[in-house]
Structure formats: C-alpha cells, structure tokens
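Asks: let me see the structure of the following:
(2 chains)
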Amino acid sequence: MAKKPISFVLNGQDTSVFVEQGGNLLDELRRTVGDLSPKFGCGQGTCGACTVLINGEPQLSCLVLAERVEGQRIDTNGGLAEGPDLHPLQKAFVEGFAAQCGFCSSGMLMAAKALLDRNASPSRDEIAEAISGNLCRCTGYEPIIDAIVVAAENMRRRTT
Amino acid sequence: MSIEVKSFDTLRQASEVLGGSAQYIAGGTLLMRKVNYGDQSFNQLVQSTDPALKQIQSQGDEILIGAGVTMSEIMQHPQLQFLGEVARSVGGPAIRNMATIGGNLFAPRPYGDMATALLALDANLHWASGQQQSLEQFLERSDAARDIVHSISVRQPPTGAFQYLKVSRVKPKGVSLLTVAVLLNRENGRTGNVRIAFGGMAPEPRRAMAAEQALQGASLDESGIQRCLAACTEGMAPADDSLASSWYRNEVAPVYLKRLLLQRS
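Replies: You can find the predicted model right below:
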C-alpha cells in the first residue's frame, strides 16, 4: 500500500517522512525518523513508556495513528536536553535514582514535563496523578515523585 | 497486513462506508491496540474531521456532547462538571487526552466507566444517520453498530443527585473491578426517581432494575436500603477474570452500593 507523506515539528525541528497507512506514531518515530527515545512497552496503552507530547499534551504514541500528527508539534524525551545539558527533570531523575532499569523513564519524564509546563509547583498528589498512566516496575514510584519535586524546585529557582 | 485509512469531512459520509472490513476510529485507544496486535478482522480504518464531533452545547438543562469530545475536554468544561469525576477516573492523563466519550460506549469490560455513568443519567444517542436511541436500548442490543454515534445528550442532574464510584485494586489509578453510578432524586427525605447502573457486572453496563424498584420511596438509611442491596445483583453476570472472580464481584457490589448511597445522607 502506498505510503503517505506527512510533516510535523519534532522537538522544534521541521520533519517530513513517509509513513505506513495505519502505522502508529511510535513506530514511525523510532523506525522512520530514528528518534529512539520513546519506548515500546506494551502496544496497548497500559504502560505509558511511549508517552510523547502532542501540542504540549501527553499522548500515547503507540495508539496514535501516525498520519494524524500532520502539522502538529511533537516533543519527545530525545529533545529535552539542550546540547550537553540535561533537562532539570532528567538531572533530578539521575541524581535521585529515579531510573533503575530506565525503561519507563522516557514516558515518565514526558508525563512530568506536561505537568510542570502547566503547574510549576505541584503537590505530591498532583504528581502521582500526572504519572498515574505510567508504570514503573523498579522504583516503587517514590523516587520518581521525589525527583519531580526536586526538578520543580530547581526550575522555579532558575526562573526567579 | 496493511491497513488503509480513509478520511471524510462529514460523519454521514464516513458512516456510509462502514461495515464489513471497515472500522470507525475515534480516539484510537481501543482500536489501535487491535491494529498493533495484528487483528485480522478489519483492514480499513475510517475517520472523520466533522466539527460536530467536538461540539458541546446546552439546550435548557440538556447538554449535547459531540462523540469526539475527550475525557480531558469533559474535565475542563464548566457545564460538564457533573461528569468530571467520571472522566478523571478513566486512564491516566495521556489516555484522557485521547479517549472519547463516544468510543467509551463501545468499550468492552473492564472498560466503559463513562458509559456506566451515562446509563445512570439516562443519556440518549444521536446517530450520524439522524436516528436517536436511548443509551439503554443501544447497550441491550449485542449486534455490531453499522452507524456512527454523532453526539450524546444528557440532562444535567440536580445538585448532589448523581453519585459515582469506580472500584479499582491499584491506587491511584487502575482498571475497574466494578463501577457503580446512581441517579437519585430525593423528596422529603425519601427517595424519588432512581436509576442504578453497574459497570463490570455484565458484558455491558447494566441497570439494576430490581434494586431501583426496592429503593423507590425508601428512607436513605441502613435499614431503608436493605432490600435494595439484597436485590442489586439480580440479573447481573459478572466476569471471572484475573482481577476478581464473579463470586467476589457479587459479594462486594452491594457493599460499594451501600457506601455510595449512605455517603450522601
């Protein structure tokens, strides 16, 4: 079947690719574009490892029809760092041991970024709610919540 | 297997090509799972960009909600606050940005929490063909729909008359063991018109009619709701699955219904 040309903005860069009809965004990002930061966990919307931001809102890229992102803005964990400088969330995850095997981290970071973009000082409950669609089988979640709290503090300090 | 995607400007056009090997895709949270797992029962996805899918309009105390309105959009809309708690109970934030109110009506158990709430609220479906049907009638029919839901109309319940509880084993968020939704109008301390709907207690969301009858005119206290609780699993067929046995669901359904009924008095 003929592939379909689509254009979107990935991590601030104009991107044009030919996608499979009926293909999901995660596959196209990983295989066609080469952004390996979103992960394939379950393929059924249960684990959250494939979370990306579409126009700033978290969505599960494995359940998004790739051709629907024509003209949209997509942000992945691959675009969080600025050159060699990790994003405050990434830094806090590393320093707070919020990543053990690391497979959920990419989705966790994007879910956390979506939260901090709209709420600079979230409560622990708000953080738990924000990552409630992301499974982690290593950490027990507390280090992840701690790291997001720390990152939020650091980001507030940076902007004031 | 390759899949062909067809897009249409209007729902009417989209509904005309449905059936056979073509499936309508809304938010994709149910259908894309099937695509990802190589479901062979369809090879065409039909979608529509009809702006009517996103409308939210009030007419008196009735609200018309486009079938493509997402759970997040419901949570943010000032006139849909009575459904906000229900929408929030569905999935995590990412799922709620995708999952639609229309799609939830077709969600097999253990999903369909919004459909359960809408059944208690006696919602009506408006199909792309122009036909109307109560949600209850739609859920009773098991045959596959050949039309697309255009919008859902629901009457705003009086303050405090609508109660909803999703029972899940995972905190803060997990799939539903069972879901209870109650619409209860009160007159002079006694119950008036009652609708009780269970999710997860049958293949589709189902009303507990015997319990509704038993609650008519009863007082909302421990002894007043006794008969209602005893009758609430009548006609139900809960699943035996990895979350819980059907025995367990039958045992706990009255317990949760009781909590829901008494927390309000």
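
Asks: is residue A:57 bridged to anything, and to what?
Replies: Using DSSP bridges, the bridge partners assigned to residue A:57 are residue A:54.

Asks: what lies in contact with stretch B:64-78?
Replies: Residues from elsewhere that reach stretch B:64-78 (CB atoms under 8 Å, 6 or more residues apart in numbering or on different chains): A:57, B:26-27, B:50, B:52-58, B:80, B:83-84, B:86-88, B:90-91, B:93, B:95-103, B:114, B:126, B:148-154. C-beta coordinates here come from the backbone N, C-alpha and C atoms, glycine included.

Asks: can you flag the buried ones in the residues you listed?
Replies: Taking 16 or more other CB atoms under 10 Å in any protein chain shown as the criterion, what is buried in those is A:57, B:26-27, B:50, B:52-54, B:56, B:80, B:83, B:86-88, B:90-91, B:93, B:95-103, B:114, B:126, B:148-154.

Asks: among the residues you listed, which are located in strands?
Replies: Secondary structure assignment by DSSP state E places A:57, B:56, B:126, B:149, B:150, B:151, B:152, B:153, B:154 of the buried ones among the contacts of stretch B:64-78 in strands.

Asks: pLDDT averaged over stretch A:84-95 - what is it?
Replies: Here the mean pLDDT over stretch A:84-95 is 97, rounded to a whole number.

Asks: what sits up against it?
Replies: Applying CB under 8 Å, 6+ apart, the external contacts of stretch A:84-95 come out as A:77, A:80-81, A:98-99, A:105, A:108-109, A:112-113, A:116, A:144, A:147-148, A:150-151, A:154-155, A:158.

Asks: any buried residues in it, and which?
Replies: Of the residues in stretch A:84-95, those scored as buried under the neighbour-count criterion (16+ other CB under 10 Å) are A:87, A:88, A:89, A:90, A:91, A:92, A:93.

Asks: adding secondary structure, write these out as JSON lines.
Replies: Putting these into JSON lines (DSSP: H, G, I helix; E, B strand; the rest coil) gives the following:
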{"residue": "A:87", "secondary structure": "coil"}
{"residue": "A:88", "secondary structure": "helix"}
{"residue": "A:89", "secondary structure": "helix"}
{"residue": "A:90", "secondary structure": "helix"}
{"residue": "A:91", "secondary structure": "helix"}
{"residue": "A:92", "secondary structure": "helix"}
{"residue": "A:93", "secondary structure": "helix"}
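
Asks: and which of those is nearest chain B?
Replies: residue A:89 (15.9 Å; CB to the nearest CB).

Asks: number of nearby residues for residue A:55?
Replies: 13 (other CB atoms under 10 Å in any protein chain shown).

Asks: low-scoring stretches of the stretch 151-265 of chain B, by residue?
Replies: Residues of the stretch 151-265 of chain B meeting the criterion pLDDT under 70: B:264-265.

Asks: mind checking the SS state of the closest residue to chain A within it?
Replies: With CB to the nearest CB as the measure, residue B:173 is the residue of the stretch 151-265 of chain B nearest to chain A, at 3.8 Å. Using three-state DSSP as the criterion, the local structure at residue B:173 reads coil.

Asks: neighbours of the single nearest residue of the stretch 1-150 of chain B relative to chain A, how many?
Replies: Nearest residue of the stretch 1-150 of chain B to chain A, counting by CB to the nearest CB: residue B:92, 1.7 Å away. Here the count is done by other CB under 10 Å, and residue B:92 has 24 residues near it.

Asks: now the strands: where do they sit in chain A?
Replies: A:4-10, A:13-19, A:51-54, A:57-60, A:73-75.

Asks: of all those strands, which one is nearest residue B:229?
Replies: strand A:57-60 (38.8 Å; CB to CB).

Asks: host element of residue B:163?
Replies: Using DSSP states H and E, residue B:163 sits within strand B:162-168.

Asks: in the helix or strand following that strand, what's buried?
Replies: Using DSSP H and E, the next helix or strand after strand B:162-168 towards the C-terminus is strand B:176-187. If you call a residue buried by 16+ other CB under 10 Å, then strand B:176-187 has these buried ones: B:176, B:177, B:178, B:179, B:180, B:181, B:182, B:183, B:184, B:186.
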